[in-house]
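[1] Attaching a predicted model along with its sequence, questions to come.
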Amino acid sequence: MKLVAGNSNSPLAEAIAAYLNSPLTKCSVRRFADMEIFVEIQENVRGEDAFVIQSTSYPANDHMMELLIIMDALRRASAKRITAVIPYFGYARQDRKAGPRTPISAKLVANLITHAGADRVLTLDLHAGQIQGFFDIPTDNLYAAPVMVKDIEENYDNGNLMVVSPDVGGVVRARGLAQRIGAPLAIIDKRRERAGVSEVMHVIGDVAGRSCIMVDDIVDSGGTLCNAAGALMDQGATEVSAYITHGVLSGGAVARISASALKNLIITDSIMPTEAVRVSHNIRVLSIAPLIGEAIARTSGEKSVSSLFD
Ligand code: R5P
């Protein structure tokens, strides 16, 4: 097995390598003066089972190109099999035509990854499970839920919990977590009554007196979470925390979350945490390195990956 890392999340790649007790392959990913990317794999990879670890997080396009170019280098160096390990799969929110004359960029990205040389894809909490169908190569979508459940059991009194989906689109994900921890489920329904009128949050479910845990795949601007946390507190929740797989946290998101009604936001390290996240008083990071490391080991050993979630 050869583990190759791009520049998007070196600490996660190192942690995965440590879990697997297999050092990262020597590989140089550099920029020319005009910012073109140049890759050189500095070890023999002929006939190897190669895993390229790269999240397509900010700056998304640079990290995407790094991933593609690393796979091209591996393919031309005769790696036997290439697995694109993409803990955070950017562009996933562009998974349908949102209007006339708009692209389906998630499909374009899937095509690019396949044409660059990927034989398999290993990713985590895809925004929509159907994106697996955009690939015509085997695609494993891992779930951070077991890592989250363990943390919830260690930090919350289960008797009073209520799992909340911050929007209607996330109900399946939230229901799955609620079932795992044996808690009831509430849903926030965002509605704009008329064009030009601000959104109203309807809480479906009785959250009064409950400790609420919101679950989602992405926190980007933080708007969805902060507004939902406010609505839950207005309805009598005693406290609100959130477990979100991918901490995109663009712009002023960390400051927004810091000033919000959220007691705690727990994210994973699928995206490398910024300094602002590391010093934040109410954001905590869980590592998914053991989960991804185990999935890589099982893929390499041709063992079941889905049984990780039984
Ligand atoms: C949307 O469907 C996603 O699941 C997230 O709820 C969304 O991306 C969060 O975005 P923001 O933090 O900018 O509200």
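    Alright, I've got the coordinates. Numbering: from 1, shown residues only.

[2] Next, work out how far apart residue 303 and the ligand are.
    Using Cβ to the nearest ligand atom, to the nearest Å, residue 303 is found at 31 Å from the ligand. Every C-beta, even on glycine, is put in place using the N, C-alpha and C of the backbone.

[3] What confidence value was assigned to residue 199?
    On pLDDT, residue 199 comes in at 76.

[4] ignore the last one, residue 240
    Residue 240 is assigned a pLDDT of 97 by the prediction.

[5] Number of residues surrounding the residue nearest to residue 201 when sequence neighbours are not counted?
    In space, and not counting its chain neighbours, residue 201 is closest to residue 231: 3.7 Å by Cβ to Cβ, 6 or more residues apart in numbering. The tally of other residues near residue 231 (other Cβ atoms under 10 Å) stands at 21.

[6] does residue 231 count as helix, strand or coil?
    Secondary structure assignment for residue 231 (DSSP: H, G, I helix; E, B strand; the rest coil): helix.

[7] Name the residues of the helix or strand of the chain with the lowest mean pLDDT that are buried.
    Least confident element among the helices and strands of the chain, by mean pLDDT, DSSP states H and E: strand 200-204 (a mean of 88). Buried residues in strand 200-204, counted by 16 or more other Cβ atoms under 10 Å: 201, 203.

[8] same thing with stretch 92-108?
    Applying 16+ other Cβ under 10 Å to stretch 92-108 flags 92, 94-95, 106-107 as buried.

[9] would you turn those into TSV with secondary structure?
    Converted to TSV, the buried residues of stretch 92-108 look like this (three-state DSSP):
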residue	secondary structure
92	coil
94	coil
95	coil
106	helix
107	helix
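
[10] before we move on, the earlier item: can you list the strands that the following helix or strand past the least confident helix or strand of the chain pairs with?
    Proceeding N to C from strand 200-204, the next assigned helix or strand is strand 211-219, under DSSP states H and E. Partners of strand 211-219 in the sheet, by DSSP bridges, are strand 161-165 (parallel), strand 239-247 (parallel).

[11] Report the distance from the shortest one to the chain centre.
    What separates the centre of strand 161-165 from the centre of its chain is 20 Å, taken as Cα atoms, centre = their mean, to the nearest Å.

[12] tell me the mean pLDDT over it?
    Average pLDDT, strand 161-165: 97.

[13] Around the ligand, pick out the residues from the stretch 151-300 of the chain.
    When proximity is defined as Cβ under 6 Å from any ligand atom, the stretch 151-300 of the chain approaches the ligand at 167, 169-170, 216-224.

[14] And these, which of them are buried?
    Listed as buried from these are 167, 170, 216-220, 222, 224; burial here means 16+ other Cβ under 10 Å.

[15] now the residue of the chain most remote from its centre, what's its secondary structure?
    Largest separation from the mean C-alpha position in the chain: residue 194, at 33.2 Å (Cα atoms, centre = their mean). Of the three states, residue 194 takes coil under three-state DSSP.

[16] Distance check, residue 295 against residue 218.
    Distance, residue 295 to residue 218, using Cβ to Cβ, to the nearest Å: 20 Å.

[17] circling back to that earlier point, between all of the residues of the stretch 151-300 of the chain next to the ligand, which two are separated the most?
    169 and 222 (17.0 Å; Cβ to Cβ).

[18] So residue 45 lies in a strand, does it not?
    No. Residue 45: not assigned to a strand; according to three-state DSSP it is coil.

[19] my guess is it contacts residue 82, does it?
    No. Taking contacts as Cβ atoms under 8 Å, residue 45 lies outside contact range of residue 82: 9.4 Å.

[20] Which one's more surrounded, those two?
    residue 82 (26 against 21).

[21] Can you name the residue of the stretch 51-200 of the chain nearest the ligand?
    Closest residue of the stretch 51-200 of the chain to the ligand, Cβ to the nearest ligand atom: residue 169 (5.0 Å).

[22] can you tell me how far that residue sits from residue 189?
    11 Å.

[23] for residue 18, same thing?
    44 Å.

[24] One more: residue 207?
    13 Å.
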